[in-house]
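Student: Output the structure for:
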Amino acid sequence: MEEKVTFADLGRDLRRYGKVLFGFVGLILALEIVSWVAPIDALGVRPRETVGLIGVLTHPFLHGGLGHVLGNAVGILVFGGMVVLKEERDLYVTAALSALIGGLGIWLIGRSDTNHIGASGVVFGLFGYLLSTGWFERRLGSIALSIVVLLVWGSLLLGMSPLQTFVSWEGHLFGFAGGVLASYLLARARR
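Tutor: Reported below is the predicted structural model:
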C-alpha cells in the first residue's frame with residue numbers, strides 16, 4: 001500500500017534538507033573564516049605528494065576566499081537541492097563519491113606544485129549525477145530532469161576542459177565522473 005504524503009510531511013522534509021545543505025554551506029564558510037588566521041588551506045590536495053593525500057578528504061571543505069565559497073555554495077544549494085528532492089540518500093552517495101574520486105583524480109594527474117581546494121568537484125559531481133540519471137534510470141521524470149539540467153547548465157561542461165588554467169579542471173572532471181558513477185550505482189540498486 002502506498003503511503004500518503006501530506007503537506008506537513010513535505011514541509012518537515014524540506015526543513016531537514018535545508019538544514020543539511022545550508023549546514024554544509026555554513027561549515028565551509030566557517031572554515032574559510034578560520035583560514036584567515038590559521039593556514040588550513042595548506043591541507044588541500046597536492047598532486048603526487050604523500051602529504052597531499054590528506055587533501056583527498058579535506059579539499060571540499062577548504063576555499064580560497066569568500067567568492068570561492070559563494071560560487072560553490074550556489075552550486076551546492078541548487079544542484080544539491082535538486083538531488084535531495086529526488087532522493088536524500090542520492091545526495092550523500094553522490095557527494096561522497098564525487099569528493100573521493102575528485103580528490104584522487106587530482107592527486108594522480110593534477111598539475112605539479114599546486115594545492116587544490118574547494119567543493120567544485122562536489123558541485124560537478126551533483127551536476128554529473130543530474131545529467132546522467134535519466135540515462136541510467138530510464139524513467140520519464142529522470143529523463144526530463146536530465147534534459148532540463150543539460151539545457152540550463154550544459155555550459156558547465158566547459159569547466160572540465162584542460163584549457164581552464166585558473167580552476168581545478170581536474171577536480172571538476174573527476175568530480176563529474178564520481179557523480180556519473182553514483183548515478184549508475186544508485187540506478188542499478190533501485191532496479
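Student: mind checking which helix or strand the closest residue to residue 147 other than its chain neighbours is in?
Tutor: Distances taken as Cβ to Cβ, 6 or more residues apart in numbering place residue 134 nearest to residue 147, at 6.8 Å, with adjacent residues excluded. For glycine as for every other residue, the C-beta is placed from the backbone atoms N, C-alpha and C. When elements are defined using DSSP states H and E, residue 134 is found to belong to helix 120-137.
Student: The next helix or strand after that helix packs against which elements?
Tutor: With elements assigned by DSSP H and E, the helix or strand that comes after helix 120-137 is helix 140-153. The contact analysis (3 or more Cβ pairs under 8 Å, 6 or more residues apart in numbering; DSSP states H and E) places helix 140-153 against helix 66-86, helix 120-137.
Student: how about a cut-off of 6 Å?
Tutor: Here helix 140-153 touches helix 120-137, going by 3 or more Cβ pairs under 6 Å, 6 or more residues apart in numbering; DSSP states H and E.
Student: and the angle from the helix it packs on to helix 66-86?
Tutor: Between the axes of helix 120-137 and helix 66-86, defined by axes from the mean of the first three to the mean of the last three Cα atoms, to 10 degrees, the angle is 20 degrees.
Student: can you state the direction angle for the longest helix anywhere in the chain and helix 120-137?
Tutor: Using DSSP state H to assign secondary structure, the helix with the most residues in the chain is helix 7-35. Angle of helix 7-35 versus helix 120-137, following the same axes, to 10 degrees, is 150 degrees.
Student: Pretty sure the residue nearest to residue 147 sits against residue 144.
Tutor: No: at 7.3 Å, residue 134 and residue 144 do not qualify as touching, with contact defined as Cβ atoms under 6 Å.
Student: of the two, who's got more company?
Tutor: Between residue 134 and residue 144, residue 134 has the larger neighbour count (other Cβ atoms under 10 Å), namely 22 against 11.
Student: Let's check: the centremost residue of the protein is which one?
Tutor: Nearest to the mean C-alpha position of the chain, counting by Cα atoms, centre = their mean, stands residue 122 at 1.8 Å.
Student: ok, it - contacts?
Tutor: Going by Cβ atoms under 6 Å, 6 or more residues apart in numbering, residue 122 touches 60, 95, 98, 99.
Student: Just the mean pLDDT for the longest helix of the chain, thanks.
Tutor: The predicted model assigns helix 7-35 a mean pLDDT of 92.
Student: mind saving the C-alpha coords of the next helix-or-strand element following that helix as PDB?
Tutor: Following helix 7-35 in sequence order, the next helix or strand is helix 55-58 (DSSP H and E). The C-alpha atoms that make up helix 55-58 are tabulated as PDB, following Å, rounded to 0.1, in the frame of the first residue of the first chain:
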ATOM      1  CA  GLY A  55      43.600  16.700   0.900                       C
ATOM      2  CA  VAL A  56      41.600  13.900  -0.800                       C
ATOM      3  CA  LEU A  57      39.400  14.100   2.400                       C
ATOM      4  CA  THR A  58      39.700  17.800   3.300                       C
END
